[in-house]
Structures are given as structure tokens and as C-alpha cells.
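Okay, here's the prediction I keep looking at, along with the sequence it came from:
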Amino acid sequence: MNFKNWKASLFCLTLAGLLVSPALIFADQPQGRKEISLYGGKSGPVLFPHHTHQKVVKDCQVCHVNFAQKEGALDSAKKSGDLKKKQMMNKTCLKCHRALKKAGEKSGPTSCKKCHIK
Ligand code: HEC
Ligand code: HEC
Ligand code: HEC
């Protein structure tokens, strides 16, 4: 490679770096609402710390495979029958909290009243 080509490729790499780095930085920023009040039927609403979970769970799809990244999407999925009532609670929220607790790691609530606030 001659000097001119070397300079050209360095310029391209720098340019690519400048374009890519903001995307990497923003990927680390929490997204959506920080705290979300979820419908919990007669047991009362569930105060869900969304941003905390983005930090500890990392893979958005662990939850969002079940409903879109859109306000109200969880209730819509339950109304349309794509998700059964309490399916998210039992198969995702509680499943993870119980597994972490069993493994002796930092976890979330596993009793009704710690999640559902009346
Ligand atoms: C532990 C479960 C969980 C994880 C992990 C999770 N989310 Fe969410 N997210 C939710 C819930 C619950 C809602 C509320 C949906 C509703 O309003 O019906 C939501 C809603 C959203 C919304 C819609 C705006 C809002 O605040 O309601 C966006 C955008 C979003 N999430 C982005 C993300 C991204 C990006 C990640 C990964 C970095 C992520 N979520 C990880 C559970 C989760
Ligand atoms: C880790 C938090 C958590 C715990 C613990 C928990 N829940 Fe829930 N519960 C939720 C979430 C989130 C929803 C909404 C999503 C869904 O329906 O799966 C919900 C939904 C519900 C609903 C409403 C379903 C509907 O759409 O009508 C009822 C009733 C309910 N829970 C009862 C209970 C009872 C009883 C217990 C204890 C045995 C319990 N929950 C423990 C988080 C929790
Ligand atoms: C893949 C694992 C995982 C899933 C899925 C998950 N959680 Fe958690 N949750 C955690 C961990 C880990 C913590 C402890 C976070 C901490 O203390 O920093 C936690 C903490 C919590 C807390 C307590 C926060 C506090 O400030 O004490 C609540 C409430 C909670 N989770 C509700 C939910 C609900 C509702 C869902 C389902 C919509 C859910 N979680 C799904 C791992 C999970």
C-alpha cells in the first residue's frame, strides 16, 4: 500500500468511527419509561422499574419477545389473546426472580404483595 492509499484508508476508518460511536453510546442509554405502572387486576397495579431491568437483564427480548416496545403493548397482547393473563408474570417475571434467588444472586420480589401494590 502506498502512502496516499494509507492516508485515505485512515481517513475512512476515522469517518466510520465517528459515525458508529454515537450508536454505541446511545445503545447503552436506558429507553422508554423509567417506571411503569402495569395493570394487575384485583391484586392491584405493579410498579415495574423498567430502566433497572434494562441494566440487569440487558437482552430486551427476554421481555419484548412477548409484546412490542410500545406503551400499552402488554395489555393489547393480553386483549388479543397473544398473551394469556398472568403469562408474563409467571413465565417471565417470576421465573427469573425465582431462578436468581435459588442461585443465591441479587433478585426481585417473588411474593404477591411485593409486586402488586394496593
Ligand atoms: C423485564 C422486562 C423488560 C425488559 C428486559 C425490557 N423491557 Fe421495555 N418494556 C417492558 C414493559 C412491561 C413495558 C410496558 C409495556 C406497556 O405499556 O404495555 C415496556 C415498554 C417499552 C417501551 C415503550 C415505551 C414505554 O416506556 O412504555 C420501549 C421503547 C421499551 N420498552 C424499550 C426497551 C428496550 C430498548 C429494552 C432493552 C434495552 C427493554 N425495553 C427491556 C418490559 C421490559
Ligand atoms: C414479580 C412481580 C409479580 C409477582 C410476585 C406477582 N405478580 Fe401478579 N402480575 C405481575 C405482572 C407484571 C402482571 C401483568 C402481566 C400479566 O398479566 O402477566 C400481573 C398480573 C396479575 C393479575 C391480573 C391478570 C389479568 O390480566 O387479569 C393478577 C390477578 C395477579 N397478577 C395476581 C397475582 C398473585 C395472586 C400473586 C401471588 C401469588 C402475584 N400476582 C404475584 C407481577 C407479579
Ligand atoms: C431475567 C431476569 C428478570 C426478569 C425477566 C424480570 N426481573 Fe425483576 N428483577 C431482576 C433483578 C436481577 C432484580 C434486582 C435488581 C436490583 O436490585 O438491582 C429485579 C428487581 C425487581 C423489582 C424490585 C426493584 C427494587 O427496586 O427493589 C421489581 C418490582 C421487579 N423486579 C419486577 C419485575 C417485573 C414486574 C417483571 C416482569 C415484567 C420482572 N421484574 C422481570 C431480574 C428480572
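Arrived safely. Ligands and ions are numbered 1, 2, ... in the order given.

Would it be right to say that residue 91 lies in a strand?
No. Assigned with DSSP: H, G, I helix; E, B strand; the rest coil, residue 91 falls outside any strand and is helix.

Can you read off the pLDDT for it?
pLDDT, residue 91: 98.

With residue 32 as the reference, measure out to it.
According to C-beta to C-beta, to the nearest Å, residue 91 stands 21 Å off from residue 32. For glycine as for every other residue, the C-beta is placed from the backbone atoms N, C-alpha and C.

Spell out which parts of this protein neighbour ligand 3.
Counting by C-beta under 6 Å from any ligand atom, the chain comes close to ligand 3 at 46, 48-49, 52-53, 56-57, 62-63, 88, 92-93, 96-97, 100, 106-109, 115.

mind redoing it with 5 Å?
Contact residues, the chain versus ligand 3 (C-beta under 5 Å from any ligand atom): 48, 49, 56, 57, 92, 93, 96, 108.

what number of residues lie near residue 34?
Neighbour count for residue 34, taken as other C-beta atoms under 10 Å: 10.

To clarify, my last question referred to residue 83.
So residue 83, with other C-beta under 10 Å, has 19 neighbours.

in which helix or strand would I find the closest residue in space to it that isn't next to it in sequence?
Take residue 83 and drop its neighbours on the chain: the residue closest to it by C-beta to C-beta, 6 or more residues apart in numbering is residue 77, 4.2 Å away. Using DSSP states H and E, residue 77 sits in helix 73-80.

Alright, I will stop here.
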